[in-house]
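A.B. asks: Give me coordinates for this.
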Amino acid sequence: MHTTNGAPACCDANADTPPLHLIFVPFLSRSHFGPVTAMAAEADACHRGGRTAATIVTTRHFAAMAPASVPVRVAQFGFPGGHNDFSLLPGEVSAAAFFAAAEEALAPALGAAVRGLLREGGSTATVTVVSDAVLHWAPRVARECGVLHVTFHTIGAFAAAAMVAIHGHLHLREAMPDPFGVDEGFPLPVKLRGVQVNEEALVHLPLFRAAEAESFAVVFNSFAALEADFAEYYRSLDGSPKKVFLVGPARAAVSKLSKGIAADGVDRDPILQWLDGQPAGSVLYACFGSTCGMGASQLTELAAGLRASGRPFLWVIPTTAAEVTEQEERGSSHGMVVAGRWAPQADILAHRAVGGFLSHCGWNSILDAISAGVPLATWPLRAEQFLNEVFLVDVLRVGVRVREAAGNAAMEAVVPAEAVARAVGRLMGDDDAAARRARVDELGVAARTAVSDGGSSCGDWAELINQLKALQLTSSRDRRTDAVTRD
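C.D. replies: Alright, predicted model coming up:
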């Protein structure tokens, strides 16, 4: 683990050497794009101090969402049906075909970007590729171009480590008890139920791990006070790069996704204006990511549960479907429903009126909530979200489960309104609520400290940049020496 507490500001260390150019390649999904490009903006901001410069390689669709300050190399991407965002891909469309199309578009664009920067910089050029962990082909492209590669995980270290440990025991699942222990060497004696293991998320793990083994280092969008032990466990696993850095929470506020949200005044978002009129800590914020993944019957029960909770609520839904409009009209007297548009989640969670977050347990949402010191009611829907729920409820003890039943049928069944109301009541007002809030408040302070000057994540980022620059400068000197010797 390479955490450097008390390090100088991220942009200051070793600033007298030529800048390192980082080429960031996010996956074509909004939930992946935000944290990767937030780090790109951070790297580009350091360019003024001579530390690093950044370029993003992505498609035209996502280029419009990139930080305005960072140059973008646009890859030509065409997918049947006009689908541009994996997170919005309909269930009947092949995920494998989308991944293949993304590789076909992004891999040549990445290679061209690297070679172009190497030509521009000459013998002293220092270039590194930083790509999303699911882009398994990116380390190969970096190797073929003769530059280093860093793997960027947009999930947490707990979930990543648990998936690797679980995958190693999949062949024993039939004989394993339920619940079962993750692994003897796991930092905490965590137990999982079979229904919390999404085998679909593990199918391609060997491919991703093999690619990751070619990387110089791994970075997680997380911070030391939250996941240092799990990052160290991940580093210790066979096949993991031995350099693991925690560089989050990524500062999503630098993204153009936050453009137009004013702190106050006439341009202040109507959502925040509504929150201004609510008592402190009274509002439940409900949001299930860029794709809700719920059917009409579940939306009906959710709406009824929010009303039955007796708490004012802010419900953000990423669709304008007819049934949602109906819920908006029926729920308006009890709260505010925002349908079919982006909402300023970080600003919402930081608002004094918000006292709880009903969430699908996506990692970005978890980091937003923890950074703001807001406890969660957990309702995972897919992939590693079930592991994130375990982390929040059983490890951190800052969340309560909405879905309590253990069987497969219950996991797939519609969650009734009574269960929703009961979970909200527990989150906002049971005997453990004060202790839960105290724990998440403490983590919130740690998150904000981690990305401040001298914080652990700032130190990890500076250390990673220093190591990359030192190694590549040595390689550059060797190349020049070889050239002189040949002459």
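A.B. asks: element containing Ala101, please.
C.D. replies: In this structure, Ala101 sits in helix 95-121 according to DSSP states H and E.
A.B. asks: Which strands and helices lie in contact with that helix?
C.D. replies: Helix 95-121 is packed against strand 20-25, strand 52-59, strand 72-75, strand 127-132, helix 138-145, with contacts defined by 3 or more CB pairs under 8 Å, 6 or more residues apart in numbering; DSSP states H and E. C-betas here are computed from N, CA, C, even on glycine.
A.B. asks: which stretch among those comes nearest Phe220?
C.D. replies: Evaluated over the helices and strands packed on helix 95-121, closeness to Phe220 peaks at strand 127-132, with 12.3 Å, by CB to CB.
A.B. asks: hey, which helix or strand in this structure has the poorest pLDDT?
C.D. replies: Ranked by mean pLDDT, DSSP states H and E, the weakest helix or strand in the chain is helix 322-331, scoring a mean of 51.
A.B. asks: what are the pairing partners of the next helix or strand along the chain from it, and which direction each?
C.D. replies: Once helix 322-331 ends, the next helix or strand along the chain (criterion: DSSP H and E) is strand 335-339. Here strand 335-339 is paired, per DSSP bridges, with strand 313-317 (parallel).
A.B. asks: Could you list the residues in contact with the strand it pairs with?
C.D. replies: Under the criterion CB atoms under 8 Å, 6 or more residues apart in numbering, residues 271, 274-275, 283-288, 292, 299, 303, 306, 324, 327, 331, 334-340, 343, 345, 348, 354 lie in contact with strand 313-317.
A.B. asks: now with 6 Å?
C.D. replies: Strand 313-317 has contacts (CB atoms under 6 Å, 6 or more residues apart in numbering) with 283-287, 306, 324, 335-339, 343.
A.B. asks: What remains of the residues you listed if I keep only buried residues?
C.D. replies: Burial by neighbour count, 16 or more other CB atoms under 10 Å: within the contacts of strand 313-317 this picks out 283-287, 306, 324, 335-338, 343.
A.B. asks: Show me which positions of stretch 64-84 end up buried.
C.D. replies: By neighbour count with 16+ other CB under 10 Å, stretch 64-84 contains the buried residues 65-67, 70, 72-75, 77, 79, 83-84.
A.B. asks: before we move on, the earlier item: could you single out the nearest of the contacts of strand 313-317 to Val203?
C.D. replies: Val203 lies nearest to Cys287 out of these, by CB to CB, at 27.8 Å.
A.B. asks: Mind listing the residues bridging to that closest one?
C.D. replies: Per DSSP bridges, the residues bridged to Cys287 are Val316, Ser359.
A.B. asks: Just to check, Ala308 is in contact with Ala421?
C.D. replies: Yes. If you go by CB atoms under 6 Å, Ala308 and Ala421 touch, sitting 4.0 Å apart.
A.B. asks: returning to that earlier point: with distance to Gly168 and pLDDT added, can I get the buried residues of stretch 64-84 in JSON lines?
C.D. replies: Listed next are those as JSON lines, based on distance: CB to CB, whole Å; pLDDT from 0 to 100:
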{"residue": "Met65", "distance to Gly168": "37", "pLDDT": "91"}
{"residue": "Ala66", "distance to Gly168": "38", "pLDDT": "91"}
{"residue": "Pro67", "distance to Gly168": "38", "pLDDT": "88"}
{"residue": "Val70", "distance to Gly168": "38", "pLDDT": "91"}
{"residue": "Val72", "distance to Gly168": "39", "pLDDT": "93"}
{"residue": "Arg73", "distance to Gly168": "38", "pLDDT": "94"}
{"residue": "Val74", "distance to Gly168": "40", "pLDDT": "94"}
{"residue": "Ala75", "distance to Gly168": "35", "pLDDT": "93"}
{"residue": "Phe77", "distance to Gly168": "35", "pLDDT": "89"}
{"residue": "Phe79", "distance to Gly168": "34", "pLDDT": "86"}
{"residue": "His83", "distance to Gly168": "34", "pLDDT": "90"}
{"residue": "Asn84", "distance to Gly168": "36", "pLDDT": "89"}
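A.B. asks: List just the nearest of the residues you listed to Ala101.
C.D. replies: Among the buried residues of stretch 64-84, Phe79 lies closest to Ala101 (CB to CB), at 5.0 Å.
A.B. asks: quick one, what contacts that closest one?
C.D. replies: By CB under 6 Å, 6+ apart, the contact set of Phe79 is Ala101.
A.B. asks: since we're on Cys145, how many residues are nearby?
C.D. replies: Using other CB atoms under 10 Å, Cys145 has 19 neighbouring residues.
A.B. asks: Need the pLDDT of it.
C.D. replies: pLDDT for Cys145: 95.
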